[in-house]
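*Asks:* need the 3D shape of this:
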Amino acid sequence: MALLDDVIDASGGMARWNSLDRFTLHLSVGGTLVSSAGHAREFKDVTAEGSIRTQSVRFTGITGGEHSGSFQPDAITIEDLNGEVLRTWRNPSLAFPEAGLPALADELHLVFFCGVAIWNYLTAPFLLAHPDVVVEELTPWRENSETWRRLRAQFPAHLIMLAQEQIFYFDENALQRRMDHDLFGMKVAHFSWAHDRFGGLVVPTLRRAQTLRPDGTAIAKPVLMDVEIFDAVFE
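*Replies:* Take a look at the predicted model:
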């Protein structure tokens, strides 16, 4: 697919991606999904280390630097600074069980959500070329004064994603600027900008998730999720 080829080339190229195994990020995560659950400072100034081949992300420096959190598809763990496991959530799911509470009220749920989101962010757009991912080009979208091209991706059930169907938007330079999907009963869009180059890959360093109107335009407030990447290392 011509658009996907252009997008992958703009982000650093498949050859570079295939030569890598891991990432380390210095980042901050905020927004109302986090703050309304009582975790306003939980993911401020943290380190995320993970695999780009398998779904695995470990956060250090959460809870004011007192804990680490680990995301893997079969288990979420909270650990102390010595690596002792304090809490575990086996076979996690975005269908969080507690009715009447914010979706991310439990710290284990927060680690799970951020792990899925960060892995999703860091592997796109290269993950779209995986043979198990079904990709279809849609009609272009007009975003203010710009025209963005779009790809709809259907992810396989064996990958834990924020949603199994996502729509990706790319600007005239073939860089990702937006991604839409369903979340907690809402239609949301993740906008991305301030792209920078790290280790041969081009990564958006700022991301913001907002709810969508029925016509596909974003509602400015509240901001559901803010992600700022200060530095990234790929190896």
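
*Asks:* contacts, neighbours, all on C-alpha from now
*Replies:* Will do.

*Asks:* residues contacting the top helix by length along the chain, please?
*Replies:* Counting by DSSP state H, the longest helix found in the chain is helix 107-123. Residues external to helix 107-123 that are found in contact with it (C-alpha atoms under 8 Å, 6 or more residues apart in numbering): 34, 50, 52, 55-59, 69-71, 76-78, 87-89, 92, 94, 96, 103-104, 160-162, 203.

*Asks:* okay, buried residues for the next helix or strand after that helix please.
*Replies:* The first helix or strand that comes after helix 107-123 along the chain, using DSSP states H and E, is strand 134-143. The neighbour-count check on strand 134-143 (16 or more other C-alpha atoms under 10 Å) flags Val135, Glu137 as buried.

*Asks:* show residues contacting strand 134-143.
*Replies:* Leu3, Leu128, Thr147, Trp148, Arg149, Arg150, Leu151, Arg152, Ala153, Gln154, Phe155, Tyr169.

*Asks:* count of residues packed around the residue nearest to the fourth one when sequence neighbours are not counted?
*Replies:* If the residues on either side of it in the chain are set aside, Trp148 comes closest to Asp171, at 4.7 Å by C-alpha to C-alpha, 6 or more residues apart in numbering. The local packing of Asp171 (other C-alpha atoms under 10 Å) involves 17 other residues.

*Asks:* how far away is Asp171 from Val134?
*Replies:* Noted for Asp171: a distance of 21 Å to Val134, by C-alpha to C-alpha, to the nearest Å.

*Asks:* in this protein, where is pLDDT below threshold?
*Replies:* For the chain, the stretches with pLDDT under 70 are 1, 37, 40, 95-101.

*Asks:* ChimeraX command to pick out the buried ones of the contacts of helix 107-123?
*Replies:* Filtering the contacts of helix 107-123 down to the buried ones (16+ other C-alpha under 10 Å) takes a single ChimeraX command:
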select :34,50,52,55,56,57,58,59,69,70,71,76,77,78,92,94,103,104,160,161,162,203
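
*Asks:* just the CA coordinates for the lengthiest strand in the chain, please, in PDB.
*Replies:* Longest strand in the chain, counting residues (DSSP state E): strand 218-234. In PDB, the C-alpha atoms belonging to strand 218-234 read as follows (Å, rounded to 0.1, in the frame of the first residue of the first chain):
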ATOM      1  CA  ALA A 218     -12.500  17.200  18.600                       C
ATOM      2  CA  ILE A 219     -13.900  18.800  21.800                       C
ATOM      3  CA  ALA A 220     -11.100  20.900  23.200                       C
ATOM      4  CA  LYS A 221     -11.800  20.200  26.900                       C
ATOM      5  CA  PRO A 222     -11.400  18.200  28.900                       C
ATOM      6  CA  VAL A 223      -8.100  16.800  27.800                       C
ATOM      7  CA  LEU A 224      -8.300  13.100  28.500                       C
ATOM      8  CA  MET A 225      -4.700  12.200  28.300                       C
ATOM      9  CA  ASP A 226      -1.500  14.300  27.800                       C
ATOM     10  CA  VAL A 227       1.800  12.600  27.000                       C
ATOM     11  CA  GLU A 228       5.100  14.400  26.600                       C
ATOM     12  CA  ILE A 229       8.300  12.500  25.600                       C
ATOM     13  CA  PHE A 230      11.400  14.300  26.800                       C
ATOM     14  CA  ASP A 231      13.900  11.800  25.400                       C
ATOM     15  CA  ALA A 232      13.900   8.400  23.700                       C
ATOM     16  CA  VAL A 233      16.600   5.800  23.100                       C
ATOM     17  CA  PHE A 234      16.200   2.800  20.700                       C
END
